[in-house]
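Colleague: Next one to model:
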Amino acid sequence: MHANAIVAEGALIKRTLPNGLRVMLLADHSRPMVSMGLAVRRGAAIEPVEKAGVGALCTEVMQRGAGDRDALAMADAADALGASVGVDINFDSVRISTSGLARDGDILLEFVRDMARNPRFDEAEIEKARSEQLAGLSSSLD
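Modeller: Purely as a prediction, here's the structure:
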């Protein structure tokens, strides 16, 4: 390992799947934890000015229910595992991430998959998230 290296040489595995998805794997078997995520190279920078904040609203709602799980079921499932699940947006990208115990890796991967491919966008959750964002904006103006 190089003196300035954070990761042992060769420990980071990079592959490109046939569908073009780039996958990176860094295994550290000294801990029983797993963290995984999915990043898309499109972020708030592509929002038109008149729709500023839509991405933030969408990413907030994506973590409030996906697949067969509504907001409560999603939160309960993550809490039962002691896992964290989140979606965030920045200027350049949107990232879905989760972490928890390695033994729960399959369900954590399911969380990421469902949030990416099957977000529920339940009307009630959209309205709650919208109200929370408006309250936050109003508060910051004070």
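Colleague: packing partners for the helix or strand bottoming out on mean pLDDT in the chain?
Modeller: Least confident helix or strand, the chain: strand 22-26 with a mean of 84, by mean pLDDT, DSSP states H and E. Strand 22-26 is packed against strand 12-16, with contacts defined by 3 or more CB pairs under 8 Å, 6 or more residues apart in numbering; DSSP states H and E. Any C-beta I mention is one placed from the backbone N, CA and C, and that applies to glycine too.
Colleague: Quick one: mean pLDDT over the strand it packs on.
Modeller: Strand 12-16 carries an average pLDDT of 87.
Colleague: Number the chain from 39, please
Modeller: Will do, 39 is the new start, and the previous item becomes strand 50-54.
Colleague: and the angle from it to strand 60-64?
Modeller: Relative orientation of strand 50-54 and strand 60-64, computed by axes from the mean of the first three to the mean of the last three CA atoms, to 10 degrees: 160 degrees.
Colleague: ok so, going back, describe which strands the least confident helix or strand of the chain pairs with in its sheet and in which direction.
Modeller: Strands adjacent to strand 60-64 in the sheet, as given by DSSP bridges, are strand 50-54 (antiparallel).
Colleague: Would you mind listing the outside residues contacting the partner strand?
Modeller: Defining contact as CB atoms under 8 Å, 6 or more residues apart in numbering, one finds that strand 50-54 is touched by R60, V61, M62, L63, L64, A65.
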